[in-house]
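A.B. asks: Okay, sequence plus prediction incoming.
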Amino acid sequence: MTRKLLAAFVVALAVVAPAAASEQSPTLPELERELICPTCHELLAASTSPIAERMRAFIRGRIAAGDTKSEIKAKLVDQFGESVLAAPPKSGFNLLAWLLPLAGIVLAAGVVGYLAYRWSRGRRAEEDEEAASPSANGRFSPDPELERRLDEELARYDA
Amino acid sequence: MPGRLRIALQAAAVLVVALLLALLGWQVFKKDNGPDLGRPAPNFTLPHLSSDQDVSLASFRGKVVVLNFWASWCGPCKDEAPLLESAWNRYKDKGVVVLGVDAQDFDVDAQRFVDRAGITYPIVRDKHGSTLGHYGVTGFPETWFVDPQGKLVGEHVAGPLTEEALERNIKIALGEPA
């Protein structure tokens, strides 16, 4: 038990520590992947437009001044609006952009689960029905008419 | 599941997919050409670059407005600024206002541009680019001319202005022979 708790703690630390370090000491490449060039609407990392170059210079300056990632992003949002962010912020109305896909996945999983349950229950009911109506010789007979014709043919063959 | 309910659900699913496809098509193919000439200029209220005051286009009703969209990193905007400043100085007593709309820019860069170019006409900041969308601005510089009744007149100049185009369109907006 103690070992499991320790392992969980190590895993949590491995996930949280880099994120915290990235927030406190951001780098230009990681910010370039999280921001959009306002004129060409591409990721800042892929843009060579004049404003993209200016934004890179601004980011370098803010990193050198010791700003956190959130502070740098907030300053850019103040200048260019929220459309400068590659991903919408996880607050207010924008939270919907994060929650709706999750809700869609949960809903789709529910529908698939329900359909699978109905399908397996239907099959089980069919099997129960078949088990409840065995033919005279103990085997299953899908159609009494076919069975009657088979008996007739066999009797004719024997004769 | 009853047959009628199943058909209703299938119809609803098809309808939702059709609506999503229509929305996608509209987003892909819609053309944002901006307003038509002769129609009222879309109003806006934006903060002044150098003060906390808001400036609205409607507040210039009764005057001709030369509406110029620009950004400090735009090369042709640097060449155009002296023309606009000159027109502003010549026409401001005749009921003409040059109004610059700076967008996709840093405040400090815009202010530095204004100081270096010696611009004295009013400049507003469209930080979120909302006005760009209403006027169908796809690049800088772009210029519209608004007559005293608030209608877009003359030419929509997408690109750098020439002195002739500026004079001609100001006269059209003033109702003078060009």
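C.D. replies: Received the coordinates, thanks. Residues are numbered from 1 along each chain as shown, chains lettered A, B, ... in the order given.
A.B. asks: hang on, B:Gly118 packs against B:Trp88?
C.D. replies: No: using Cβ atoms under 8 Å, B:Gly118 is not in contact with B:Trp88, being 11.1 Å away. All C-beta spots, glycine's among them, are computed from the backbone N, C-alpha and C.
A.B. asks: More neighbours: those two, which one.
C.D. replies: B:Trp88 (19 against 9; other Cβ atoms under 10 Å in any protein chain shown).
A.B. asks: What strand or helix carries that one?
C.D. replies: Secondary structure assignment for B:Trp88, by DSSP states H and E: helix B:75-91.
A.B. asks: to the chain's geometric centre, what's the distance from that helix?
C.D. replies: 17 Å (Cα atoms, centre = their mean, to the nearest Å).
A.B. asks: ok and the residue in chain B nearest chain A?
C.D. replies: Using Cβ to the nearest Cβ, B:His128 is the residue of chain B that sits closest to chain A, at 3.5 Å.
A.B. asks: Tell me the secondary structure at that residue.
C.D. replies: Classification of B:His128 using DSSP: H, G, I helix; E, B strand; the rest coil returns coil.
A.B. asks: list the contacts for it?
C.D. replies: By Cβ atoms under 8 Å, 6 or more residues apart in numbering or on different chains, B:His128 lies in contact with A:Phe80, A:Gly81, A:Glu82, A:Ser83.
A.B. asks: I'd say the first one and B:Asp126 touch.
C.D. replies: What it means is A:Phe80. No: using Cβ under 8 Å, A:Phe80 is not in contact with B:Asp126, being 10.4 Å away.
A.B. asks: interface residues of chain A facing chain B?
C.D. replies: Taking Cβ under 8 Å from any Cβ of the partner chain as the criterion, chain A approaches chain B at residues A:Pro38, A:Thr39, A:Pro50, A:Ile51, A:Arg54, A:Phe58, A:Asp78, A:Gln79, A:Phe80, A:Gly81, A:Glu82, A:Ser83.
A.B. asks: can you give me the helices in chain A?
C.D. replies: Secondary structure of chain A, counting by DSSP state H: helices at A:2-24, A:28-32, A:50-64, A:69-80, A:95-132, A:144-158.
A.B. asks: What is the burial count for residue 66?
C.D. replies: Let's take chain A. By the criterion of other Cβ under 10 Å, A:Gly66 has 9 neighbours.
A.B. asks: not what I meant, chain B
C.D. replies: 25.
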